[in-house]
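J.: Only the shape, not the letters, is given here:
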C-alpha cells in the first residue's frame, strides 16, 4: 500500500509535490507542499479509518464467497456490526471489478422472482405477507427478470 501511495498525488488538492512526515498506525504519513495537509496510503479510499488490517483479506474472501454478514463475522472473528460496516466498504470495490465484456463462449440464463418493493414509500400493489405468491401462474409483470451471463473463463 505504501509503495502505491508514494507515487500518488495529494488526495486533497492533486499536487504531486509532497514529503514524508512521520508514521501513524503503522502507515507512512505524507505532507503536501501545496496545501499543507497530511495523508497516508489509505486517505480517500474505502479502507480509510478502518482498524484490524490483518482481518481485511480474510473478510474480503468472505465477501467474494457471498457469505452472510454474521457468518463472515464468525469466520474473521469480528463483531457483526463491524462486519456490516466493512461489507458496505468492500462490496462497491468488488462490484467495480466486474468485467465490461465477456469473451469466447458465453452462457446466459434468466430467472424470474416476485417483484420486491421493500423500502418503497408507496406500494403499487397490496403488501404480501411472508414472501407470498403471485396472483397468476407463469411469467407476469409481478415478476422481475434477473439475467446472468458467464463466459468459460469464469467471468460473470
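T.: That came through, no problem. The model shown is predicted, which means the values in this text are computed figures rather than measured ones. Residues are numbered from 1 along each chain as shown.

J.: Do a quick rundown of the helices in this structure.
T.: Using DSSP state H, the helices of the chain run over residues 2-6, 56-64, 69-76, 80-96.

J.: tell me the mean pLDDT over the longest one?
T.: Right, helix 80-96. Mean pLDDT, computed over helix 80-96, is 80.

J.: Likewise for stretch 15-26?
T.: In this model, stretch 15-26 has a mean pLDDT of 83.

J.: buried sites along it?
T.: Judged by neighbour count (16 or more other CB atoms under 10 Å), stretch 15-26 contains these buried residues: residue 18. Using the backbone N, CA and C atoms, a C-beta is placed for each residue, glycine as well.

J.: for stretch 148-155, same thing?
T.: residue 151.

J.: likewise stretch 130-143?
T.: Per 16+ other CB under 10 Å, stretch 130-143 contains these buried residues: residue 142.

J.: likewise stretch 32-52?
T.: Neighbour-count burial for stretch 32-52 flags 32, 38-43, 45, 50 (criterion: 16+ other CB under 10 Å).

J.: want to throw the helices of the chain into JSON lines with distance to residue 25 and mean neighbour count?
T.: Converted to JSON lines, the helices of the chain look like this (distance: least, CB to CB, whole Å; neighbours: other CB atoms under 10 Å):
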{"stretch": "helix 2-6", "distance to residue 25": "12", "mean neighbour count": "12"}
{"stretch": "helix 56-64", "distance to residue 25": "13", "mean neighbour count": "16"}
{"stretch": "helix 69-76", "distance to residue 25": "19", "mean neighbour count": "17"}
{"stretch": "helix 80-96", "distance to residue 25": "17", "mean neighbour count": "14"}
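
J.: right, so of those helices, which gets closest to residue 132?
T.: helix 69-76 (25.1 Å; CB to CB).

J.: Helix 80-96 and the closest one, what's the angle between them?
T.: With axes from the mean of the first three to the mean of the last three CA atoms, to 10 degrees defining the directions, helix 69-76 sits at 100 degrees from helix 80-96.
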